[in-house]
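Trainee: Predicted structure and sequence below. I'll ask about it afterward.
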Amino acid sequence: MNIKPLSDRVVVKPLEQDEVKQGSIIIPDTAKEKPMQGEVVAVGPGKVSDSGAAVAMEVKKGDKVLYGKYAGQEVTVDGEDFLIMRESDILAII
């Protein structure tokens, strides 16, 4: 992957949800909910506070995180789907 986020942005690879089948109902891919957890694959250097001091990032590469349903911007790099979001859009580290 050749992508480097800027400022306080994070690149997340969404994790696939386990498919649960009940009965014989098949849900098409277009009707499935987007995953809300993923793995951090790249982290920016952090943002600069109003006083000029650098604020370190709390997440790091390899962390599994939870994020909001509509958080981030979807991008495709080298045929893989990723989300680029601000660190503040991440709700928790798993």
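Mentor: Ah, there it is.
Trainee: Go ahead and confirm residue 8 touches residue 43.
Mentor: No. Between residue 8 and residue 43 there is no contact under Cβ atoms under 8 Å: 9.0 Å. C-beta: built from backbone N, CA, C; applies to glycine.
Trainee: which SS state does residue 4 fall under?
Mentor: Classification of residue 4 using DSSP: H, G, I helix; E, B strand; the rest coil returns coil.
Trainee: what's the answer for residue 25, then?
Mentor: coil.
Trainee: Next, count neighbours for it.
Mentor: By the criterion of other Cβ atoms under 10 Å, residue 25 has 6 neighbours.
Trainee: what does residue 57 give?
Mentor: Residue 57 has 18 nearby residues by other Cβ under 10 Å.
Trainee: How about the contacts made by it?
Mentor: Residues in contact with residue 57 (Cβ atoms under 8 Å, 6 or more residues apart in numbering) are 8, 10, 43-46, 87.
Trainee: Then residue 92?
Mentor: Residue 92 neighbours (Cβ under 8 Å, 6+ apart): 65-66.
Trainee: helix, strand or coil for it?
Mentor: Going by three-state DSSP: residue 92 is strand.
Trainee: Local confidence estimate at it?
Mentor: Each residue has a pLDDT score; the one for residue 92 is 93.
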